[in-house]
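In: What follows is a protein structure lacking sequence information:
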């Protein structure tokens with residue numbers, strides 16, 4: 001399983017979100033692709049007010065303040 005984590009440098013909420021995602025990763029096997037939104041204008045425009053954003057199977061699982069129960073439930077499907 002492959003999960004995209006949209007972030008940008010110096011984003012405290014993103015650092016917390018990545019820690020939460022890694023805790024979920026301890027219980028469910030998946031790979032995390034970290035995508036810096038500042039490296040792509042289209043992605044930056046799409047997600048600049050939402051980060052961090054978790055995307056799986058081309059759909060947004062959660063954004064903003066991430067939590068274990070929501071991520072675990074979505075990625076357990």
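Out: Thanks, I have the structure now. Only a predicted model underlies this, so the values are computations on that prediction, with no experimental measurement involved.

In: use CA for all of it now, contacts and neighbours both
Out: Noted.

In: What's the mean pLDDT across the host helix or strand of residue 13?
Out: According to DSSP states H and E, residue 13 maps onto helix 12-27. Predicted confidence along helix 12-27 averages 97 (mean pLDDT).

In: which other helices and strands contact the helix or strand that that helix is followed by?
Out: Using DSSP H and E, the next helix or strand after helix 12-27 towards the C-terminus is strand 31-36. Identification of packing neighbours for strand 31-36 by 3 or more C-alpha pairs under 8 Å, 6 or more residues apart in numbering; DSSP states H and E yields strand 2-7.

In: Pull the residues that contact the strand it packs on.
Out: If you take C-alpha atoms under 8 Å, 6 or more residues apart in numbering as the criterion, strand 2-7 is touched by 14, 18, 30-37, 47, 51-57.

In: tell me the secondary structure for residue 38?
Out: helix (DSSP: H, G, I helix; E, B strand; the rest coil).

In: Against residue 18, how distant is the spatially closest residue to it that is not a sequence neighbour?
Out: Excluding the flanking residues, the one nearest residue 38 by C-alpha to C-alpha, 6 or more residues apart in numbering is residue 44, at 5.7 Å. Here the criterion is C-alpha to C-alpha, to the nearest Å. By it, residue 44 lies 18 Å from residue 18.

In: Neighbour count for those two, which is higher?
Out: Between residue 44 and residue 18, counted using other C-alpha atoms under 10 Å, the more crowded position is residue 18 (21 against 18).
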